[in-house]
Structure formats: C-alpha cells, structure tokens
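Trainee: what's the 3D shape of this:
(chains A, B, C and D)
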Amino acid sequence: MLTVLFFARLREQLGQSSVTIELPRDDFTLGQLTELLIEQQPDWQKLLENTSILTSVNQQMVDNDHVINDGDEVAYFPPVTGG
Amino acid sequence: MLTVLFFARLREQLGQSSVTIELPRDDFTLGQLTELLIEQQPDWQKLLENTSILTSVNQQMVDNDHVINDGDEVAYFPPVTGG
Amino acid sequence: MIRVSEPDFNVADEIALLEADNSQDGAVVTFTGRVRQQNDGHDVTGLFLEHYPAMTEKSLLGIVEQAKEKWRINRVSVIHRVGQLYVGDNIVFVGVTSKHRGDAFAAAEYIMDYLKVQAPFWKKETRSGQDAWVEAKTSDQQKAQQW
Amino acid sequence: MIRVSEPDFNVADEIALLEADNSQDGAVVTFTGRVRQQNDGHDVTGLFLEHYPAMTEKSLLGIVEQAKEKWRINRVSVIHRVGQLYVGDNIVFVGVTSKHRGDAFAAAEYIMDYLKVQAPFWKKETRSGQDAWVEAKTSDQQKAQQW
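Mentor: Numbering: from 1, shown residues only, chains lettered A, B, ... in the order given. The predicted structure is shown next:
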C-alpha cells in the first residue's frame, strides 16, 4: 500500500488531497506510478504529466526514475511559492 | 587659516589632534600641504607620507592633487576600522 | 532552529536567541519576509499559506545543512508561518550568525533562495475578494541556480 | 536614517521603524555587528571606538545614497556606536527594506562593505589589559572593490 498526496492548486484540480494505491510489483519507479494513476483516472494525465509538477518520495524531492517501495509516501505538487 | 585634524593611531603618534596653519598662497594642493607640514616638523615625514594614510578635505575623502582653500578642514587618518 | 507554525514570530526574540551566550560571532544577518499590498500588479488583501506538514521542516533543515557546508556560520534560525495572513504580516524569518559578515550575508540569502524553490509552501492570494494561487517565478529558479 | 552615538540601539525598535506604515516592502534585511571575544587571534575584553564626528554621518549618508542608486530599495537605517564597548555589545546596525529580497540583501551588504573601508571610525581593542589599535584588513578593501 502506498499513500499518494496532492497539494495546493493540483489538489484542487484533482478534487482530492490523497489516494492509496497497491503497488502491482517491486522495482516500480515514480514515473511508472504516474502512468498507473493516469490509467485509473485518464483525465488526470494533463495535470500529472505537466512538466512543472514536482514530486517527492518520503518527503524528499525526487525524479521519475526514483524506485518506490511499499509503504512509501509519494506526493505530487505544483512549483512551491513560499517565503 | 586652515585646520588640520589627526585621528586615532596617527593622532597618538603625532602627539596632537590638530594644528592650524596659514596657507602661503592660493592654488595649494593637499600634497603640497603635506610637504609644508613636514617642512615644519621633519619627524612627521614617515607618519604623514605613509601610503596607508587617508586624507579628507571638508569631510570628503580626497587625493593629494585636491586643491585646498582658506578655511577648509583637512584631516589625516589611518585606514578606518569601524563596523 | 527550524519552526513552521501559524503564530507570528517576534524578530527581537529571535535575534536574542541567536545572540545569547554567543560572544564568538560578530555578525548577525536577518531576513524578514512580509505580505505586500501589491504583488505582480495585483492588489492583495491577504493570503493563505498551505504547506506539506511532514516535509516542510525536513526540507528547511536540508537547506540549512547545505548552507552550513558552504559557509562558516554558527547559529541559524528559520521560521515560516502557515495559514491565513494579512497585508503587513510576517511570513518568514531567516537569521544567521557568523564570525564574519560575508558568510552570514551569503548563507542567509542562500537559505531564502532555496526556500523559495524547494520548501513545500504554496500561497493563495486574496485579490479584491477573489482567491488565486500565486505563480512560481522563473527569476526565483534562476536566483537559486546562481549559487 | 543615520545615527552615530554612544547609546545602545534596540534592533526590534529599528525594525519597527523600517516596517511602520510600509506595506509596499516585502523584504527587510538587517545586519548587526557586535564586539567579539576573539579577533585575529587576540582575546578581547572591550574596545574604544573613536570617530571623526563632523565626517561620520556625512560619510554614511554618501554610502547609503550610492546604494540607493544601485538597487531599488526603500527605507535604510544605519546606526553606529562610538565610545567604550564591551564583548557582546552592539557596534553597528544596517537595515534595508525593499519590494524584493535580492535588492535588500545586496544593498545591506554593500553598505557594510563600504562602511568598513570609508567611514571614519577606528577601533582600539583592549587585549588582556593592553590597548592596541585594530589593523585594517586588506580583505575588507578587496570585498568593497568587488561591487
């Protein structure tokens, strides 16, 4: 089981702040998780594959080739605007 | 009449904080004033002609070729160390 | 010291903490970021600061550690507020102490520059009664990449 | 605002003045310089700050004006103490407000860098009971020339 979080504008656009998802196999990359989410919700494609979207795994910013494991906390969010 | 001020280490080394001096003519430069002071006090040469010494006329830092006028306030001081 | 919370901070108290029992550091640099009335041509009355609670402190700690590797600095405070803020309110405080001013200035600006592009905070501004997410600036990306 | 005098300053009060009725500036950068216990390998117990009274404020005003020509900054405060100071005491405060942080950081550091090489202050340190004039640093000259 994997928790996937969404923040800020992306959370509003997707209409939810989190989903849980079962990893189909080990050795699954973040990029493949994005594809899986889009398979399940085709209308998310434009929002999740937007090149400006940032991703983190266990609260560390990572790229699409990062390998995720069962129990990880994954997050998708727009460019940050704090400070 | 011209007031010449000395500050900090230089003031201590010269043993005085100011002298007044009569300008011998117009069109006198700061460099010439230094020469005049040394003429009157030969033991000041090493201290006043030290390249690290800074000079100001009417509270503005200036160079040796600055022309001084009667009534000006001239100052000689070591490199500043505030802040 | 890293703190992410709703309450306002008091810059005097934060500076006192940076300076207490600290006679080794001659330089204290602080940055305070506040809600402006005008942002990118919009009239702003307030803003809501959303964040990713599990990640924010971790992210700020990582930025501070990077700064400590790059410069000889001693104490560092980073405070970031979240929730509803209004014009003139404090948003963020960065304080850095160091023996020398150059290190303190550089580290404080570096921490702000990376906070701007890496720390998971998002601003939603209230502009003449309407809410709008603030757009990230490419100039902030460029500024962070200059270090 | 430029001030050269013996009494201590209160950083919180100075920041309050920079921020009062000022909702246009999102960035406030401050620098505080303090008497360190160790300077260039010497144990310091205190220092006496001599200055050239007629020139100091004029000199600081000139430096602030140069900073205002170079960056888009709004309010600036420079406070420098003179007289007898002890370890941990405040020496100098520079505060700058601006719409944007980059301008505020640059201007505050520029003002300090030029104050260090142009403003007529001289420190005489008390080192284990003996007084000695502080030597100017070539690194300060180089730092000012980098702008």
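
Trainee: helix, strand or coil for the residue in chain A that chain C sits nearest to?
Mentor: Relative to chain C, the nearest point of chain A is A:Gly82 (2.5 Å; CB to the nearest CB). From N, CA and C alone the C-beta is placed, and that goes for glycine too. Secondary structure, DSSP: H, G, I helix; E, B strand; the rest coil: A:Gly82 is coil.

Trainee: can you tell me which residues contact it?
Mentor: A:Gly82 makes contact with C:Leu49, C:His51, C:His80, C:Ile91, C:Val92, C:Leu115, C:Lys116, C:Ala119, C:Pro120, C:Phe121, C:Trp122, C:Lys123, according to CB atoms under 8 Å, 6 or more residues apart in numbering or on different chains.

Trainee: and of those, the nearest to D:Asn74?
Mentor: Comparing the contacts of A:Gly82 against D:Asn74 with CB to CB places C:Ile91 closest, at 17.7 Å.

Trainee: how about the strands in the chain?
Mentor: This is for chain A. Here chain A has its strands, by DSSP state E, at A:2-6, A:18-21, A:28-29, A:54-57, A:60-61, A:67-68, A:73-77.

Trainee: meant chain C, my bad for not saying
Mentor: C:2-5, C:27-34, C:38-39, C:42-51, C:76-81, C:83-86, C:90-98, C:121-127, C:130-133.

Trainee: show me what the second one is packed against.
Mentor: Counting by 3 or more CB pairs under 8 Å, 6 or more residues apart in numbering or on different chains; DSSP states H and E, the packing neighbours recorded for strand C:27-34 are helix C:11-19, strand C:90-98, helix C:101-118, helix D:11-19, strand D:27-34, helix D:101-118.

Trainee: looking at these, which is nearest to C:Gly62?
Mentor: The nearest among those, by CB to CB, is helix C:101-118 at 7.9 Å.

Trainee: what's the angle between the closest one and strand D:90-98?
Mentor: Here helix C:101-118 runs at an angle of 30 degrees relative to strand D:90-98 (axes from the mean of the first three to the mean of the last three CA atoms, to 10 degrees).

Trainee: who's in contact with the nearest residue to C:Ser98 once chain neighbours are set aside?
Mentor: Of all residues not flanking C:Ser98 in the chain, C:Ala104 sits nearest, at 4.0 Å (CB to CB, 6 or more residues apart in numbering or on different chains). C:Ala104 sits next to C:Ala27, C:Val28, C:Val29, C:Trp71, C:Ile73, C:Val96, C:Thr97, C:Ser98, D:Phe31 when contact means CB under 8 Å, 6+ apart.

Trainee: try 10 Å
Mentor: Applying CB atoms under 10 Å, 6 or more residues apart in numbering or on different chains, we find C:Ala104 in contact with C:25-30, C:71-74, C:76, C:95-98, D:31-33, D:109.

Trainee: one more: C:Glu6?
Mentor: C:Leu49, C:Arg81, C:Val82, C:Gly83, C:Gln84, C:Leu85.

Trainee: can you say which of these are buried?
Mentor: Buried subset of these (neighbour count, 16 or more other CB atoms under 10 Å in any protein chain shown): C:Leu49, C:Arg81, C:Val82, C:Leu85.

Trainee: surely C:Gly88 touches C:Leu47?
Mentor: No. Between C:Gly88 and C:Leu47 there is no contact under CB atoms under 10 Å: 11.8 Å.

Trainee: looking at the two, which is more packed in?
Mentor: More neighbours surround C:Leu47 than the other of C:Gly88 and C:Leu47, with 25 against 15 (other CB atoms under 10 Å in any protein chain shown).

Trainee: ok, what's across the strand from that one?
Mentor: C:Leu85, C:Glu125 (DSSP bridges).

Trainee: can you get me a residue count around C:Ala136?
Mentor: Other residues close to C:Ala136 by other CB under 10 Å number 18.

Trainee: ok, now how distant is it from D:Arg72?
Mentor: 22 Å (CB to CB, to the nearest Å).

Trainee: and C:Val94, by the same measure?
Mentor: Taking CB to CB, one finds C:Val94 at 21 Å from D:Arg72.

Trainee: same check on A:Val80?
Mentor: Taken as CB to CB, the span from A:Val80 to D:Arg72 is 25 Å.

Trainee: ditto for A:Gln32
Mentor: 47 Å.

Trainee: who has more neighbours, those two?
Mentor: Set A:Gln32 next to D:Arg72 and count neighbours by other CB under 10 Å: A:Gln32 wins out with 17 against 12.

Trainee: hang on, the more buried one packs against A:Leu2?
Mentor: No. With contact defined as CB under 10 Å, A:Gln32 does not count as touching A:Leu2 (11.8 Å).

Trainee: what do those two both touch?
Mentor: With CB under 10 Å, 6+ apart as the test, A:Gln32 and A:Leu2 both reach A:Leu23, A:Ile68.

Trainee: longest helix in chain A, please.
Mentor: helix A:30-40 (DSSP state H).

Trainee: list the buried residues in it.
Mentor: For helix A:30-40, by 16+ other CB under 10 Å, it's A:Leu30, A:Gln32, A:Leu33, A:Thr34, A:Leu36, A:Leu37, A:Ile38.

Trainee: the nearest residue to A:Met61 once chain neighbours are set aside pairs with what?
Mentor: The shortest distance from A:Met61 to any non-neighbouring residue, by CB to CB, 6+ apart, is to A:Leu54 (6.2 Å). Beta-bridge pairing for A:Leu54 (DSSP bridges): A:Phe77.

Trainee: contacting residues around A:Leu54?
Mentor: A:7, A:10, A:61-63, A:75-80, C:117-118, C:120, C:136.

Trainee: swap the cut-off to 7 Å and go again
Mentor: A:Met61, A:Phe77, A:Pro79 (CB atoms under 7 Å, 6 or more residues apart in numbering or on different chains).

Trainee: ok, A:Val74 next?
Mentor: A:Leu2, A:Val4, A:Leu30, A:Leu33, A:Val57, A:Ile68.

Trainee: one more time with 6 Å, if that's ok
Mentor: Counting by CB atoms under 6 Å, 6 or more residues apart in numbering or on different chains, A:Val74 touches A:Val4, A:Val57.

Trainee: the one 3 residues further on too?
Mentor: With CB under 6 Å, 6+ apart as the criterion, the residues that contact A:Phe77 are A:Phe7, A:Ala8, A:Leu10, A:Leu54.

Trainee: try 8 Å this time
Mentor: Contacts of A:Phe77 (CB under 8 Å, 6+ apart): A:Phe6, A:Phe7, A:Ala8, A:Leu10, A:Ile53, A:Leu54, A:Thr55, A:Ser56, C:Tyr52, C:Pro120, C:Trp122.
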